[in-house]
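K.L.:
Provide a 3D model corresponding to the input given below.
(chains A, B, C and D, ligands or ions: 5)
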Amino acid sequence: MAEGKVRTVQPVATSEARWWLWLRITGVLMVLFVFPHVIIKDVIVGVHNIDTEYVAQVWENVLVRVFDFLLLFTTFTHGMVGLRQVLMDFVHSPSGRKTTTWILAVIWFVVTVMGTMAIIGGVSLQPGA
Amino acid sequence: MQVHTHTYDVVVIGAGGAGLMAALYASKKAKTAVISKLYPTRSHTGAAQGGIGAALGNLEEDHPEWHAFDTAKGSDYLGDQDAIEFMCYQAPEIVYELEHMGVPFDRTSDGRIMQRRFGGHTNNKTGKPVRRACHAADRTGHMILQTLYQQNLRQGTHFFNEFYVTDIVFHEGRVAAVVAYELATGDLHVFRTKAAIIATGGFGQLWEVTSNAKTLTGDLPAVVLRRGLPLEDMEFFQFHPTGIYKLGILITEGVRGEGGVLINDLGERFMDKYAPTVKDLASRDVVSRAIYIEVREGRGIGGGKYVYLDVRPETVNKYAALDGRTRPDGSPYVVTKEELLAKLPDIIDFCKTYLGIDPMEEPIPVQPTAHYAMGGIPTTLKTEVIRDEHNTVVPGLYAAGEVACVSVHGANRLGTNSLLDIVVFGKVAGKEAAEYAKHADLASLPADATDLTRDQLERLRHGTGGERVADIVAEMKAVMTEHVSVFRTEEGLTEALEKIRELKERYRRVSITDKSARYNLELMEAWEAGNMLDLAEAVTLSALNRRESRGAHWREDYPKRDDENWLKHTLIWIDEEGKHRFAYKPVVITKWQPKEREY
Amino acid sequence: MKVTLKVFRYNPETDQRPRYDVFHLEAEPNDRVLDLLEKVKAELDGSLSYRRSCAHGICGSDAMRINGRNRLACKTLVKDVGTTIVVEPILGLPVLKDLIVDMEPFFESYRKVMPWFINTDPPPEKERLQSPEERERFDDTTKCILCAACTTSCPVFWADGSYFGPAAIVNAHRFIFDSRDQAAAERLAILAQEEGVWRCRTSFNCTEACPREIQITKAIAEVKRAILTGRLD
Amino acid sequence: MSDPKTTFTGYARYRATGQLAFLLHRITGLGILLFLLIHIVDTSFVYFAPELYDHAIQIYRSLPFMIGEIFLVWAVFYHGFNGLRIIIFDLWKPEWWEKDIAVKSVYWVLVLSILAWLPAAFIMGKAVIENHFLGG
Ligand SMILES: Cc1cc2nc3c(=O)[nH]c(=O)nc-3n(C[C@H](O)[C@H](O)[C@H](O)COP(=O)(O)OP(=O)(O)OC[C@H]3O[C@@H](n4cnc5c(N)ncnc54)[C@H](O)[C@@H]3O)c2cc1C
Ligand code: HEM
Ligand code: SF4
Ligand code: F3S
Ligand code: FES
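P.N.:
Ligands and ions are numbered 1, 2, ... in the order given. Next comes the predicted model:
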């Protein structure tokens, strides 16, 4: 009986633990971004009032762009990590798991970069320029 | 049936507490295999609830000598006192050993092993119940079984799970091999070995209402009998007083240890009459008979075949006050619902599941339930199996646990002494067998090693007589319950014997529907039925033979204990034609001369 | 009352594919589902195969899916499940015959978490001391009877048979939080690996299925926390 | 025997409350992710191909998409609330992973997500009617 003393061991950090934690950290953060975004865009404004003009107008405010970037980053990262969790249930071989993770990482990277470029570049009036 | 052959130094048959303890010790020194028809953790040791007895004296004064005396007295002086003393003096050490292996005993406030009261265990100076049962909530057996299995895994013991041992083969009187049937494939396995330890537990399935698992069918005692070896004291089978009405599921004596009382239809606490000093905590034979008498005299609940076990806090406190019961610190004994819930969680769960009642609100309907075989395969103090009344050992054959009869329990076992018995003598068996294997060589294997098993199984598989196993077993249980239970008479026993013999005859004409090789449980259950019939016959013959009343064996036509003629152990042999023979072995008495038992 | 018992049947020696047999029985509300199976086996079809031993919920032999949910047949009363009863083998382990599944993968995971007490200090003459509170800390997980009801109810295990599964974690928990044990760090390291606790998606089927009412998901959460913080309180 | 067939049999036929929450969480998560992927790509058209953006928006304005969007909003509410439940239990209150509390919390989250969604569904439903049936 070791009175009052908490037994401790060295914490073990593994990549699985980090994926797990990341889902939760982004989960908490997203509450700040996803709910407002969904409520404003889908409910209050509505698709019928959204077009390039509308986008151009709201992005005039830099804070909105920052907001949208954080929204993009947290949701998409969370979603892809979540998708990885789901796929790991079905892909069992170590090589399969590695490949899956890499494919997801590439998709994640490409899509995130596309989205980020759009947010930085804003609405371009000359198509393709 | 394909045959596979293996070679070991020691083969342990059975993976309950006794088998696992033996395996733990044997595998330290010798190449050991454990063969069990169940996965080890499913052995019935896991059902033991109340505790393991050891005079640790953690809560109040206690001594191994008191424990030994209580055991000898509880055995109605039929226990061998050298064995009893050995066990009770080993008890504290072995309980500490279990604790060191990890068994999570409940704790006292100063961190030591918690102990509770149990029937028949007393302070020898005052005669009052003493706290001697070491417990882990009400699942002590479960914890011991799990821990022993885990330690065996740690040690890398070889397990053959879901293998039924069907025969032991001898060569020139020595153990040559153990034959087993593999449930998964239907193949036979011959384990050539220097030594074999039988640890297959009890055979409560002979009766209708029992606390024993459906797999406790006494296979190995039947095998031994078939191989021309004797069984000892088969007339002594314990009926535990408090089984759940009709189901037989055990309500541990721990409930009465915590203050629960038995109540009849008039609302009386009737144990006052039968055991004025220890009352509800008298030894099991005494309490079971008391319930039978109450029922017979019409004071069962609503005139039925059961009484109430009342453990509601109000009732407990009322009778604790009447008895002047106190806590270790001298304050009056008062319990709360929470305390009882914490100490008896599984029991409360059983009552809720199977009866739909909450024992904190309502009393529990109970009746005596077939519980424990005091008799079994006779052994010496070193667990060597003997072939006759002169203690001639069968080289290489050992037995321990409920299946064996050393005999520490005599005519009646005290609660908590079986868990003790299985670990103490399991350990001895493991050590002795390994030691023997070191010096012995492998006996040569008879060519017909698997013949008997094949014969039995093929006959059952291809039987066309149309008799149904289930009917035969049901009729056997009925007659055993009617005539070979708590009260016995010449007339009833004779009737039972005739019936059993008729059933044995019908058993030859059994047929089964499942012809497949894999997982043919129907085949194995039919085989088990044959074993039960053989044992039923041995029990009934032994009961008929003993013309006195002692411990669990109560003959209404001979209601007195008769030390002059019957202070001796019975050995019974039954040969192939069903002819039987008795011989007797003296009881070893060291310190305590037989006296009238009073509680 | 009359009950209809629909039982999954499959004998690899004779059957191409599984089927369901239907039996109509007379039963009492207080009968166990196990009693019904025993009745079928004794009177109607002796070849019906399933494991059972203690018949009162303490040996863990007869976990099966009863009306779509893992239970022990001996701890389930007819009145709790109604008059149409469907009995199927537990999911995720290979079916060997009727209701019998191969338990080996289950026990393999169990063995992987070092489910045995380890303390390499020379033992004291008497017991190692432990306070009632320290003993209480791991009481819940000592109740496990290895019936596999939890692991075979787990959606993650169905998909990924190498996931250690709740039963193995429960048994690791029993030692990790035992103040007398010294191998918590090794066990946590094992459980922190790919097929360890992080696979658990808190689906909670395990806790709902456990016939011993062990708070399994809670135990798993405690192990996760111990891995992240190193605290064993 | 762990294989997709067993898994989907289990998903479809196993009966338990916890599993309901788990399945809904998984389905909504994947559903939102699918939408999000498309949505990021089409939004980035504002930069890469503005004329395509308006075309995409046109699709969103179609009847099936608008109805789908209503459910998407529920999915976000449900997944978000349930996710918060899991996070709180996991990181702060492991003791709430106890049968009574956890099972009840599943229903609470369901009810809450529906309650939060109803006003949104009402507003969005109105938009559907106005735009598709009243020719606004
Ligand atoms: C409900 C209940 C409560 C009890 N409570 C207590 C208590 O509180 N205190 C106490 O001291 N005692 C108690 N007992 C008694 C005690 O539990 C048993 O006597 C003891 O556990 C028997 O242990 P064992 O190792 O001899 O046999 P078991 O644990 O019964 O093991 C038998 C083993 O033999 C195997 N086996 C059987 N036949 C074959 C075969 N043909 N081939 C291969 N293997 C075979 C089985 O698979 C099993 O592994 C209780 C008993 C019951 C039923
Ligand atoms: C609104 C805030 C959100 C919160 C609080 C949240 C929370 C969580 C949490 C805690 C998990 C882990 C579940 C577990 O490990 O058991 C999770 C999983 C997941 N989330 Fe989210 N999430 C949110 C939004 C989103 C969004 C917007 C998406 C889609 C892009 C998404 C997609 C997923 C996916 C695919 C999973 C994996 C599901 C599974 O393993 O079954 N989540 N979420
Ligand atoms: S945790 Fe519960 S359900 Fe799982 S194996 Fe143990 S007793 Fe069975
Ligand atoms: S069912 Fe499975 S996902 Fe976790 S909570 Fe239980 S282990
Ligand atoms: S038969 Fe033992 S748990 Fe059901």
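
K.L.:
How about the residues of chain C by chain D?
P.N.:
Contacts of chain C with chain D, taken as CB under 8 Å from any CB of the partner chain, map to C:65, C:67-69, C:91-95, C:153, C:155, C:157-162, C:201-205, C:207-209, C:213, C:215, C:217-218, C:220-222, C:224-225. Where C-beta positions appear, they are placed from N, C-alpha and C, glycine not excepted.

K.L.:
So which of the residues you listed reach ligand 2?
P.N.:
C:201-202 (CB under 6 Å from any ligand atom).

K.L.:
Quick one, which of the residues of chain C next to chain D are buried?
P.N.:
With neighbours counted using 16 or more other CB atoms under 10 Å in any protein chain shown, those contain these buried positions: C:65, C:67, C:69, C:91-95, C:153, C:155, C:157-161, C:201-205, C:207-209, C:215, C:217-218, C:220-222, C:224-225.

K.L.:
Just the residues of chain C next to chain D: which are in helices?
P.N.:
Applying DSSP state H to the residues of chain C next to chain D, the entries found in helices are C:155, C:157-159, C:205, C:207-209, C:217-218, C:220-222, C:224-225.

K.L.:
next one: phi and psi at the residue of chain A found nearest ligand 5?
P.N.:
With CB to the nearest ligand atom as the measure, residue A:89 is the residue of chain A nearest to ligand 5, at 29.7 Å. Phi and psi for residue A:89, reported as degrees, to the nearest 10, are phi -60, psi -30.

K.L.:
For it, which residues are in contact?
P.N.:
By CB atoms under 8 Å, 6 or more residues apart in numbering or on different chains, residue A:89 lies in contact with C:156, C:159-160, C:199, D:7.

K.L.:
switch the cut-off to 6 Å
P.N.:
Going by CB atoms under 6 Å, 6 or more residues apart in numbering or on different chains, residue A:89 touches C:156, C:159-160.

K.L.:
from those residues, which are also near chain A?
P.N.:
C:156, C:159-160 (CB under 6 Å from any CB of the partner chain).

K.L.:
Go through these and name the one nearest ligand 4.
P.N.:
Nearest to ligand 4 among these, with distances taken as CB to the nearest ligand atom, is residue C:156, at 4.6 Å.

K.L.:
count of residues packed around residue 101?
P.N.:
Assuming you mean chain A. As a burial measure, residue A:101 scores 18 neighbours (other CB atoms under 10 Å in any protein chain shown).

K.L.:
meant chain C actually
P.N.:
23.

K.L.:
Can you give me the pLDDT of it?
P.N.:
We have a pLDDT of 97 for residue C:101.

K.L.:
Which residue is the nearest non-sequential neighbour of it?
P.N.:
Counting by CB to CB, 6 or more residues apart in numbering or on different chains, residue C:93 is the residue found nearest to residue C:101 once chain neighbours are left out, at 4.0 Å.

K.L.:
ok, that neighbour to residue C:103 distance?
P.N.:
Distance of residue C:93 to residue C:103, given as CB to CB, to the nearest Å: 7 Å.

K.L.:
which residues touch the residue positioned nearest the centre of chain C?
P.N.:
Residue closest to the average C-alpha location in chain C (CA atoms, centre = their mean): residue C:148, at 2.5 Å. Shown in contact with residue C:148 (CB under 6 Å, 6+ apart): C:63, C:106.

K.L.:
Show me where chain C has its helices.
P.N.:
Using DSSP H, helices in chain C cover C:33-39, C:78-81, C:104-112, C:132-137, C:155-159, C:165-176, C:184-191, C:205-209, C:216-229.

K.L.:
just chain D next, same as before
P.N.:
D:4-13, D:17-48, D:50-60, D:63-87, D:99-128.

K.L.:
Could you measure from the residue in chain C that ligand 2 sits nearest to over to residue B:249?
P.N.:
Going by CB to the nearest ligand atom, ligand 2 is nearest to residue C:201 of chain C, at 3.8 Å. In this view, residue C:201 and residue B:249 are 37 Å apart by CB to CB.

K.L.:
and the closest residue to residue B:520 other than its chain neighbours, helix, strand or coil?
P.N.:
In space, and not counting its chain neighbours, residue B:520 is closest to residue B:514: 5.3 Å by CB to CB, 6+ apart. Classification of residue B:514 by DSSP: H, G, I helix; E, B strand; the rest coil places it in coil.

K.L.:
what's the neighbour count on residue B:455?
P.N.:
10.

K.L.:
Please list the residues of the stretch 51-200 of chain B that sit near chain C.
P.N.:
Neighbours of chain C within the stretch 51-200 of chain B, by CB under 6 Å from any CB: B:96, B:99-100, B:102, B:104, B:107, B:111-113, B:150-151, B:154.

K.L.:
where are the low-confidence patches of the chain?
P.N.:
Since no chain was named, I'll use chain A. A:1-5, A:125-129 (pLDDT under 70).

K.L.:
Hmm, no, I was thinking of chain D.
P.N.:
In chain D, residues with pLDDT under 70: D:1-2, D:135-136.

K.L.:
quick one: contacts for whichever residue of it sits closest to ligand 4?
P.N.:
Scanning chain D for the residue nearest ligand 4 gives residue D:18, at 6.7 Å (criterion: CB to the nearest ligand atom). Shown in contact with residue D:18 (CB under 6 Å, 6+ apart): C:203-205, C:208.

K.L.:
hmm, the helix or strand that contains residue A:27 in reach of ligand 4?
P.N.:
Using DSSP states H and E, residue A:27 sits within helix A:15-37. No. Under the criterion of CB under 6 Å from any ligand atom, ligand 4 is not reached by helix A:15-37; the shortest gap measures 12.1 Å.

K.L.:
Distance from the chain centre to the very next helix or strand once past that helix, please.
P.N.:
Downstream of helix A:15-37, the next assigned helix or strand under DSSP H and E is helix A:52-58. Distance of helix A:52-58 from its chain centroid, counting by CA atoms, centre = their mean, to the nearest Å, is 23 Å.

K.L.:
Now do the buried residues in helix A:52-58.
P.N.:
Buried, per 16+ other CB under 10 Å, within helix A:52-58: A:52, A:55, A:58.
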